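>>> quick one, structure for this:
(2 chains)
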Amino acid sequence: DIVMTQGALPNPVPSGESASITCQSSKSLLYSDGKTYLNWYLQRPGQSPQLLIYWMSTRASGVSDRFSGSGSGTDFTLKISRVEAEDVGVYYCQQFLEFPRTFGGGTKLELK
Amino acid sequence: QVQLKESGPGLVQPSQTLSLTCTVSGFSLMDYSVHWVRQPPGKGLEWMGRMKYDGDTYYNSALKSRLSISRDTSKSQVFLKMNSLQTEDTAIYYCTGGLYWGQGVMVTVSS
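Numbering: from 1, shown residues only, chains lettered A, B, ... in the order given. Below you'll find the predicted structure:
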């Protein structure tokens, strides 16, 4: 199975600052079609996960442009610009290159 | 609009079988795949399995011996069945199409 490892945030993050969340995969998620098979989700307290980013850098419909995804085949970053109260929650990366679809352990964002 | 909704018992006894239903609206199960994901209290997300739009299934190998996913396209429903439940199967169970997620159903395994 592909192992997804997420980094921690230096919480709490001051409101209006930027935050970067890292994710590393044990295998390259870059496929021969040129796409990188990585999703980012946000799970706000008490809510279901929400898809933020797919194909490593494509924002899902309705997602703020304050969220951006980048990376290589195995190292990825989700950047949140001008952090707001609604960004609080746990962020998960997930690979969808292979089965089983595996998630990272989650990164909690708290606001100062 | 697209919606997914999980339903099922909130409490299951150890060693018994869990049966959950995911009812979808706003899309056809013959056009999009549906996945099951679970989350133990206070912990992260675990992918369980997938019902593909063509009826093919794929399971997490860690659960494969206990898990079965099926569907009824005429009712727009996807079913999850998992046997030999233990306390560590206590979790919120979600069905999802990737972009859209259900609200989840909390299942507690306890006598």
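>>> tell me where the chain has strands.
Because you didn't say which chain, this covers chain A. Secondary structure of chain A by DSSP state E: the strands cover A:4-6, A:19-25, A:38-43, A:50-54, A:58-59, A:67-71, A:75-80, A:89-95, A:107-109.
>>> could you do chain B instead?
Remark: strands assigned in chain B by DSSP E are B:3-7, B:11-12, B:18-25, B:34-39, B:46-51, B:57-59, B:67-72, B:77-82, B:91-96, B:105-109.
>>> can you list those strands in JSON lines and add mean pLDDT?
JSON lines is the format used below for the strands of chain B (pLDDT from 0 to 100):
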{"stretch": "strand B:3-7", "mean pLDDT": "98"}
{"stretch": "strand B:11-12", "mean pLDDT": "97"}
{"stretch": "strand B:18-25", "mean pLDDT": "98"}
{"stretch": "strand B:34-39", "mean pLDDT": "98"}
{"stretch": "strand B:46-51", "mean pLDDT": "98"}
{"stretch": "strand B:57-59", "mean pLDDT": "97"}
{"stretch": "strand B:67-72", "mean pLDDT": "98"}
{"stretch": "strand B:77-82", "mean pLDDT": "98"}
{"stretch": "strand B:91-96", "mean pLDDT": "98"}
{"stretch": "strand B:105-109", "mean pLDDT": "98"}
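>>> quick one: contacts for the spatially closest residue to B:His35 that is not a sequence neighbour?
Excluding its sequence neighbours, the residue lying closest to B:His35 (Cβ to Cβ, 6 or more residues apart in numbering or on different chains) is B:Arg50, at 4.7 Å. Every C-beta, even on glycine, is put in place using the N, C-alpha and C of the backbone. Counting by Cβ atoms under 8 Å, 6 or more residues apart in numbering or on different chains, B:Arg50 touches A:Phe99, A:Arg101, B:Ser33, B:Val34, B:His35, B:Trp36, B:Thr57, B:Tyr58, B:Ile69.
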